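1. Only the shape, not the letters, is given here:
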């Protein structure tokens, strides 16, 4: 009870200082989910920072939750591990409490998928705690300016696989998102079918002479025991990369990026890997459904299957 009273008093004082200009107003953004969600939310904050606003990030999700929707796979704050050159200010507990209570804005992609970008005109003080669609041209430009593959991020085991990927003439990353997305979710729609992966693998086999497929998944055992036998793939055609759990998804992101082509699943890991090392020859296969069509504006040479 005493803590609640103290926090209420602190919020009251903070609000007065904010009102009278003693404290500068900020844009406070919630960071949650895996490394790709963190990248997107950081990018959004960067857009506000470019307009001269002070920006701070709420990392409380990783202390209070830190799991996927099924409470199964861990979600760590990995953004600065993947991109150690980025700079960011963490919002204080008082700022998070104050901004969430008084200045919360839900976002344009939280309860309805609409192309309303008016939130970009919001000015501080504001707390951005929802999900936000960005215009593709703004999104792509900011992504390419912010996120670069950094040396020394991969450990020795991942570096060995990375060098192997780089040595291949035609390496194809296959992202198989399972976990909380192996069933239909409002934000992502239906999960890709096994037939989708079969068609995608057949596409690359028909287009290139000796493609080699690297499978990345939060359920690598399912991929090895169910998907690959269904695809009737041989050991000399593919490898399941199972050295990184959900607690090191940023390592998989780097390896996916080093592959010359990508087969994407629902979620963003495969697509962000494609964006990190884009080139005119790259082909990215996506699920043929309406929710995935927006990626066509961001990725070159997309194929929907």
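-> Cool, got the structure. Everything quoted here is computed from the prediction, not taken from an experiment.
2. Can you report how many residues lie near the nearest residue in space to residue 301 that is not next to it in sequence?
-> Computed as C-beta to C-beta, 6 or more residues apart in numbering, the closest residue to residue 301 that is not its neighbour in sequence is residue 283, at 4.8 Å. Every C-beta, even on glycine, is put in place using the N, C-alpha and C of the backbone. Counted with other C-beta atoms under 10 Å, residues neighbouring residue 283 total 19.
3. do residue 230 as well
-> Residues lying near residue 230 (other C-beta under 10 Å) number 12.
4. quick one: it and residue 198 touch, right?
-> Yes: because the distance of 7.1 Å satisfies C-beta atoms under 8 Å, residue 230 is recorded as touching residue 198.
5. so where's the chain shaky on pLDDT?
-> Regions of the chain meeting the criterion pLDDT under 70 cover residues 1-22, 66-74, 108-116, 179-189.
6. What ranges does the chain have for its strands?
-> According to DSSP state E, the chain carries its strands in the segments 26-30, 54-58, 104-105, 126-128, 171-176, 212-217, 238-241, 261-263, 284-286, 302-304.
7. ok, now which ones touch residue 282?
-> Remark: with contacts taken as C-beta atoms under 8 Å, 6 or more residues apart in numbering, residue 282 is in contact with 260, 261, 262, 274, 299, 300, 301.
8. what's the closest of those to residue 87?
-> Proximity to residue 87 was ranked across the contacts of residue 282 by C-beta to C-beta; first place goes to residue 274, at 25.8 Å.
9. Now do the helices in the stretch 51-200 of the chain.
-> With DSSP state H, counting those that start in this stretch, the ranges of helices along the stretch 51-200 of the chain come out as 61-64, 79-82, 93-102, 136-146, 156-167, 194-207.
10. Could I get these in a markdown table, plus columns for distance to residue 220 and mean neighbour count?
-> What follows is these, written out as a markdown table (distance: least, C-beta to C-beta, whole Å; neighbours: other C-beta atoms under 10 Å):
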| stretch | distance to residue 220 | mean neighbour count |
| --- | --- | --- |
| helix 61-64 | 24 | 13 |
| helix 79-82 | 20 | 18 |
| helix 93-102 | 36 | 18 |
| helix 136-146 | 28 | 14 |
| helix 156-167 | 13 | 14 |
| helix 194-207 | 14 | 16 |
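11. so which of the ones you listed gets nearest residue 125?
-> Each of those was checked against residue 125 via C-beta to C-beta, and the shortest separation belongs to helix 93-102, namely 6.4 Å.
12. can you state the direction angle for the closest one and strand 26-30?
-> An angle of 90 degrees separates the directions of helix 93-102 and strand 26-30 when computed by axes from the mean of the first three to the mean of the last three C-alpha atoms, to 10 degrees.
13. Show me what helix 93-102 is packed against.
-> Judged by 3 or more C-beta pairs under 8 Å, 6 or more residues apart in numbering; DSSP states H and E, helix 93-102 is in contact with helix 2-19, strand 26-30, strand 54-58, strand 126-128.
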